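Engineer: Quick one: sequence and predicted model below, then my questions.
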Amino acid sequence: MKILQICKKMPLPPKDGEAVAVLSLAKAYKSLGCKIDLLSFNTSKHFSDPSEINNDEHPYENIDTVNLNTDINYLGALFNLLGSSSYNIERFTSKDMKKKLQHILLHTSYDVVQLESLYMAPYAEHIKPISNAFIIMRSHNLEFKIWEDMANNQSNVLLRWYYNLAARRLKKYEQDVKNSFDLLLAISEIDQKEYQKLSYSIPSMAIPIGIELKQYPKNFYEEKPMIKLAYIGSLDWRPNIEAVEWFFKEVWPTIYKNYENIEFHLAGRNPVDVIKNLEHPGLYFHGEIESAIDFISNQDIIIVPLLSGSGVRVKVLESMALGKLVISSSKGFEGINIQNNVNAMVANGTEEFIATINKALESKKTIRQVGEAARLFIENNYNPETQARQILKLISEHNKPIEI
C-alpha cells in the first residue's frame with residue numbers, strides 16, 4: 001500500500017507534539033508494510049534544513065518540500081477582515097504547493113493521501129480530479145475550539161472580538177469541507193463527537209497519538225533534596241503563552257513561598273518576549289532544548305496549566321510514558337482518559353493548582369506511585385501499530401480491499 005502524507009510543517013526532526021504524532025503513525029504504517037512519501041511545507045517559522053535530515057531515522061521513501069513564509073502579514077490580515085474567509089486557512093494556501101502536489105500525483109499512484117490537519121484541507125479538491133486515492137483528513141485539533149476558548153479567557157474587548165471572529169470563520173470552513181474527504185481521523189473521542197455535531201457524516205474514527213515506548217525509557221522519581229517542576233511546549237502558541245503567564249501570576253509565587261527545595265524549569269521553542277522576560281524566584285528558563293525526552297526525564301513533576309485548546313497534548317503523553325507525575329488542568333488532559341490521583345492529578349483554577357502541587361510535594365511517595373501508574377497507562381493504551389491496523393482496516397471496509 002502506498003501512502004502520501006501531506007503536512008503543514010516539516011515533522012523532521014520531531015520538535016513538537018504534532019511532529020511526534022505525524023512520525024509515530026508514519027512509522028507504524030511502514031512497520032505494517034506500507035510505503036510512505038512525505039509532502040510538506042517547510043515554513044519560515046519551523047524551518048528544517050533538508051541536508052541535515054538523517055535518512056536512517058524516518059520512515060519516508062521520498063520527501064518533497066515547499067517553502068512557505070508563515071509570518072503574519074498584518075496588511076493581508078486587515079484586508080481579510082473585509083471578506084468572509086478564514087485568514088488562518090489563507091496563510092497555508094499556496095500555488096506552489098498546488099503545483100507540487102499535482103506533479104507528484106500525475107507521476108505516482110497512491111492508494112491513500114493523508115492530510116495532516118485542517119490547514120491542508122484546501123488541497124483535497126486538487127487530488128480527486130487526477131487521483132483515485134482514498135483521502136484521509138487527520139485532525140490534530142478542532143481549530144475553531146482553540147479560538148473560542150481563547151476568546152472566553154480574554155479580557156481585552158478587541159482581542160475577544162477578533163478571536164471570536166477567527167473561531168466563527170474556522171468553524172464555517174470546517175463545515176464547508178466536510179464532504180471533501182473519505183475518512184476523518186479525530187485525535188480523541190471528544191473531538192470526534194464535536195465533528196459529528198458539525199454534521200460530518202463521512203466515516204470517522206478516534207485515533208489517539210501513538211507512543212513508541214522504546215524511545216521513552218522509564219525514569220521514575222527518586223527522592224532527593226531538590227524537587228524540579230517543569231513545563232515544556234511551543235512558546236509561540238497562544239494557549240501555551242496564556243497558560244504560562246497565568247501559572248506564574250496566580251500559582252507559582254504561593255508555591256515557592258512555602259518551599260525552599262523546589263525549582264521550576266521552563267522550556268520551549270520560539271518563546272515570545274513576554275515569556276522570555278518572565279522573572280520569578282526559582283524559575284530557570286531554558287528556551288529551545290535539543291531533546292524533549294532528556295529534558296522531561298530530568299524533571300520530577302510536569303505542570304500543564306492549559307486554559308484553552310483542543311486535541312490531545314502530546315507532551316502530557318510523553319511525560320507519562322517517561323514515568324512522570326503530570327499535574328494538569330482538565331483542558332490539558334482533554335482526550336486522555338486518565339484516573340485522577342491514580343495515574344495523573346487534575347487541578348483547575350488557582351486554589352486547586354496550589355492544593356494539588358502542595359499535596360504532591362508533601363508526599364514524595366505520591367510522585368513515584370502516580371508516575372509508575374502513568375507509564376503503565378501509556379503501555380496499555382497508546383500502541384501506534386495497533387492504531388495503524390485499525391485505520392487500514394477501516395479503509396478496507398470503505399474502499400477496495402487492500403494488502404499490507
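Structural biologist: Thanks, I have the structure now.
Engineer: Which parts of the stretch 1-150 of the chain are helices?
Structural biologist: Assigned by DSSP state H, counting those that start in this stretch, the stretch 1-150 of the chain shows helices spanning 17-31, 74-80, 87-90, 95-107, 143-152.
Engineer: Please compute how far the last one lies from its chain's middle.
Structural biologist: Okay, so that is helix 143-152. 15 Å (Cα atoms, centre = their mean, to the nearest Å).
Engineer: can you check the first one too?
Structural biologist: Between the mean C-alpha location of helix 17-31 and the chain-wide mean there is a distance of 12 Å, by Cα atoms, centre = their mean.
Engineer: Equivalent analysis for the second one, please.
Structural biologist: Using Cα atoms, centre = their mean, the distance from the centre of helix 74-80 to the centre of the chain it belongs to is 27 Å.
Engineer: wait, what's in contact with the nearest residue to Lys331 once chain neighbours are set aside?
Structural biologist: Distance criterion Cβ to Cβ, 6 or more residues apart in numbering; nearest residue to Lys331, sequence neighbours excluded, is Leu306 at 4.5 Å. Backbone N, C-alpha and C define where each C-beta goes, glycine included. Contacts of Leu306 were listed using Cβ atoms under 8 Å, 6 or more residues apart in numbering, and they are Pro239, Asn240, Ala243, Arg313, Ser328, Ser329, Lys331, Gly332.
Engineer: one more time with 7 Å
Structural biologist: By Cβ atoms under 7 Å, 6 or more residues apart in numbering, the residues touching Leu306 are Pro239, Ala243, Ser329, Lys331, Gly332.
Engineer: Could you do Asn88 as well?
Structural biologist: Taking Cβ under 7 Å, 6+ apart, we find Asn88 in contact with Glu143, Ala166, Leu170.
Engineer: Please list the outside residues in contact with stretch 273-291.
Structural biologist: By Cβ under 7 Å, 6+ apart, stretch 273-291 touches 235, 241, 244-245, 248, 252, 256, 262-269, 271, 295.
Engineer: taking those residues one by one, which sit in strands?
Structural biologist: Ile262, Glu263, Phe264, His265, Leu266, Ala267 (DSSP state E).
Engineer: excluding its backbone neighbours, what's nearest the last one?
Structural biologist: If I follow you right, that is Ala267. That would be His286: by Cβ to Cβ, 6+ apart, it lies 4.1 Å from Ala267.
Engineer: same deal with the fourth one?
Structural biologist: Beyond its immediate neighbours in the sequence, the residue positioned closest to His265 (Cβ to Cβ, 6+ apart) is Ala230, lying 4.3 Å away.
Engineer: Next, count neighbours for the one you found.
Structural biologist: Ala230 has 21 neighbours, counted by other Cβ atoms under 10 Å.
Engineer: quick check: mean pLDDT across the particular helix or strand that has it in it?
Structural biologist: If you go by DSSP states H and E, Ala230 is part of strand 227-232. The pLDDT scores in strand 227-232 average 97.
Engineer: Likewise for stretch 67-81?
Structural biologist: Mean predicted lDDT for stretch 67-81 stands at 84.
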